[in-house]
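Participant: based on what follows, work out the 3D shape:
(chains A and B)
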Amino acid sequence: MLLNVSYTPPSTVAIYGRLKTENIGVEKIVANVISNPHIRYLVVCGEDIKGHRAGESLVKLYYNGIDSNHRIIDAPGVLPYIENLDEKAIERFQKQVTIVDMIGVTDKDKIDEVIEECNKEKPLSFGEPYIAIRIKTRVTRSGDTRALHSRVIMDYTGRVKRREG
Amino acid sequence: MFSFTKEQKVLDIKGVRVGGQPGVNPTLIITGFFFKSKPDRGLAERYIPGLISLSGKLGNPVIPDFFIKREEYVDDVVEIIKEILPGDHPFSVDIVDPAVKVKTLERLHEEDMLSRTIYNSIHVGVTSKEQEALEEYKPEAAIVLCFNPKDNSVDGRIEVLENSAHLNDKGLLDLAKEVGVDKLLLDTAAMSPGENSGAALAAIPVLKEEYGYPVGCAIHNVVEKSTWLKNYDDVYRVVDASSNSAVPLFGGDYVISGPVEYYNTVIPLVAWFDILVSEYTEGYFGVEPSVNHPRRRLLR
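Facilitator: Next comes the predicted model:
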């Protein structure tokens, strides 16, 4: 997982990408990783994202999980909330991968070395893929074609007013 | 085109008027500086005079928005504003890190610049130290970001204004009232494609009718997150600039546009849509454009 770093991983990694945000960004990584049980190591490298602290938030999710408000426990980011993953998905993430915290490291050789060490372990697949997020295809219609929103309506001229009741 | 039943607040931010019924005041253009870079005096010197001059010609007010990424950049940005932005012209500071927010408020207070400041932004991640700093060093106005990490629908945006989606003990509107900032610009929080990106626009007339505050957003951020569009180099910039037209069409009051390099396209484009809106709203609702409206400036 690349934070602020100018680095392209070798072809021996299964997947790589950039992490920017401490909420939706982290969710997407977790959902993606657990959908491929062959991924057993997650290397987080580069300078952390200022303010968002997305890298540190991902590491904290791995070690601490989330609280009852869905906040990543002890995450330093501004809005570290996980809303689209259930606890089972987070638990699966924690069990499936070993996280390698290289936040702050930008040296290509050092990162390559760690990736090589992870690959040497040749870990087995974790088992079945875990599908955490499915695209919703259901569409809800209010039946009121004049409706802008449940709270307001608009007449044919464009005048908006609060919906009664 | 819209007209709202709820009374609409018009804010005066150091002479810049924003808000009201669609068609009255021209759309305010808040233009981003330094989003991907360190504070760059040369960039500010290059673009601020042109930005202000074009705004004066067309009638749409502009407010530069300075992104401050790190604590060590605060002093440089404050110096650039002091030296390059003329007189009392308002500006906004866009900051993610709460510690940098606090430091910036302190510096702006020391420099007696808070009365020109729009604070970007108050959101559900607000910290207690930030609240204390806002109370002590009150900015002239604040953008309230309606981002709801639990719900990206229009209702989710209303929820953070009313109860912070229960992530804080009070809603963002009450919180702003408590710290004493009453000039509020509601930002409908543009999200990436795949994250209900259209809701940022749909929320504009809803929040206007619900609260009467000026409403807008950084809709161009959706373009920047549309990675597929980057394969079409020649239209990417066109789409980025033209995305701003959606805000006046949805009844909004301000756009947060960027990068500043696009201002030559964005300001005339928004002015053109403002004229379109004004012609209908005057004809149908009897709403007259203000003295500085581009329709008065450009159509004689």
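Participant: from here on, contacts and neighbour counts on C-alpha atoms
Facilitator: Noted.
Participant: what's next to stretch B:293-300, contact-wise?
Facilitator: Stretch B:293-300 is contacted from outside by B:24-26, B:57-60, B:271-272, B:274-275, B:278, B:289, using CA atoms under 8 Å, 6 or more residues apart in numbering or on different chains.
Participant: which of those residues fall in helices?
Facilitator: For these, the ones inside helices are B:K57, B:L58, B:A271, B:W272, B:D274, B:I275, B:S278, with DSSP state H as the criterion.
Participant: just the strands in the chain please.
Facilitator: I'll assume chain A. Under the criterion DSSP state E, chain A contains strands at A:41-46, A:98-103, A:152-154, A:159-162.
Participant: hm, I was asking about chain B
Facilitator: Secondary structure of chain B (DSSP E): strands at B:3-4, B:10-13, B:16-19, B:28-33, B:62-67, B:91-94, B:117-122, B:141-145, B:184-187, B:215-217, B:254-257.
Participant: name the strands paired with the fourth one and say parallel or antiparallel.
Facilitator: The one in question is strand B:28-33. When pairing is defined by DSSP bridges, strand B:28-33 lines up against strand B:62-67 (parallel), strand B:254-257 (parallel).
Participant: what count of nearby residues applies to B:V78?
Facilitator: By other CA atoms under 10 Å in any protein chain shown, the residues close to B:V78 number 18.
Participant: which of the ones in helices among the contacts of stretch B:293-300 are buried?
Facilitator: Among the ones in helices among the contacts of stretch B:293-300, those scoring as buried are B:L58, B:A271, B:W272, B:D274, B:I275, B:S278 (criterion: 16 or more other CA atoms under 10 Å in any protein chain shown).
Participant: mind putting the strands paired with strand B:28-33 into CSV with distance to B:T265 and mean neighbour count?
Facilitator: Below are those laid out as CSV (distance: least, CA to CA, whole Å; neighbours: other CA atoms under 10 Å in any protein chain shown):
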stretch, distance to B:T265, mean neighbour count
strand B:62-67, 13, 25
strand B:254-257, 11, 26
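Participant: any chance of TSV for those strands, columns distance to B:N244 and mean pLDDT?
Facilitator: Shown next, in TSV, are those (distance: least, CA to CA, whole Å; pLDDT from 0 to 100):
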stretch	distance to B:N244	mean pLDDT
strand B:62-67	14	98
strand B:254-257	6	98
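Participant: make a markdown table out of the ones you listed and add distance to A:P80.
Facilitator: Output for these, formatted as a markdown table (distance: least, CA to CA, whole Å):
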| stretch | distance to A:P80 |
| --- | --- |
| strand B:62-67 | 21 |
| strand B:254-257 | 24 |
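Participant: of the ones you listed, which is nearest B:E195?
Facilitator: strand B:254-257 (19.3 Å; CA to CA).
Participant: tally of neighbours for the nearest residue to B:Y284 once chain neighbours are set aside?
Facilitator: Excluding the flanking residues, the one nearest B:Y284 by CA to CA, 6 or more residues apart in numbering or on different chains is A:T157, at 7.7 Å. For A:T157, the count of nearby residues is 13 (other CA under 10 Å).
Participant: before we move on, what about B:W228?
Facilitator: Neighbour count for B:W228, taken as other CA under 10 Å: 10.
Participant: which residues are in contact with B:N25?
Facilitator: Contacts of B:N25 by CA under 8 Å, 6+ apart are B:R17, B:V18, B:G19, B:D253, B:P289, B:S290, B:N292, B:H293.
Participant: in the residues you listed, find the pair that's most separated.
Facilitator: Longest span within the contacts of B:N25, CA to CA: B:D253 and B:N292, 14.7 Å.
Participant: those two: which has the busier surroundings?
Facilitator: Under the neighbour definition other CA under 10 Å, B:D253 and B:N292 were set side by side, and B:D253 has more, 31 against 18.
Participant: residues contacting that one?
Facilitator: By CA under 8 Å, 6+ apart, B:D253 lies in contact with B:V18, B:G19, B:G20, B:P22, B:N25, B:P26, B:T27, B:L28, B:P214, B:V215, B:G216, B:V247.
Participant: quickly list what the first one is bridged to.
Facilitator: By that I understand B:V18. B:L11.
Participant: pull the number of nearby residues for it.
Facilitator: Counted by other CA under 10 Å, the residues lying close to B:V18 total 24.
Participant: pLDDT at it, what is it?
Facilitator: Per-residue pLDDT puts B:V18 at 98.
Participant: residues contacting it?
Facilitator: B:V10, B:L11, B:D12, B:N25, B:P26, B:T27, B:L28, B:P214, B:D253, B:Y254.
Participant: the same query, at a cut-off of 10 Å, please.
Facilitator: Residues near B:V18 by CA atoms under 10 Å, 6 or more residues apart in numbering or on different chains: B:9-12, B:24-29, B:61, B:185, B:213-215, B:252-254.
Participant: quick one: end-to-end length of stretch B:216-230, please.
Facilitator: Distance across stretch B:216-230, first residue to last, is 25 Å (CA to CA, to the nearest Å).
Participant: and for stretch B:216-227?
Facilitator: 24 Å.
Participant: also stretch B:82-96?
Facilitator: End-to-end distance for stretch B:82-96: 22 Å, by CA to CA.
Participant: rounded mean pLDDT for that stretch, please.
Facilitator: Stretch B:82-96 comes out with an average pLDDT of 95.
Participant: up against chain B, what does chain A have?
Facilitator: With CA under 10 Å from any CA of the partner chain as the criterion, chain A meets chain B at residues A:23-24, A:49-53, A:69-71, A:76-84, A:135, A:148-162.
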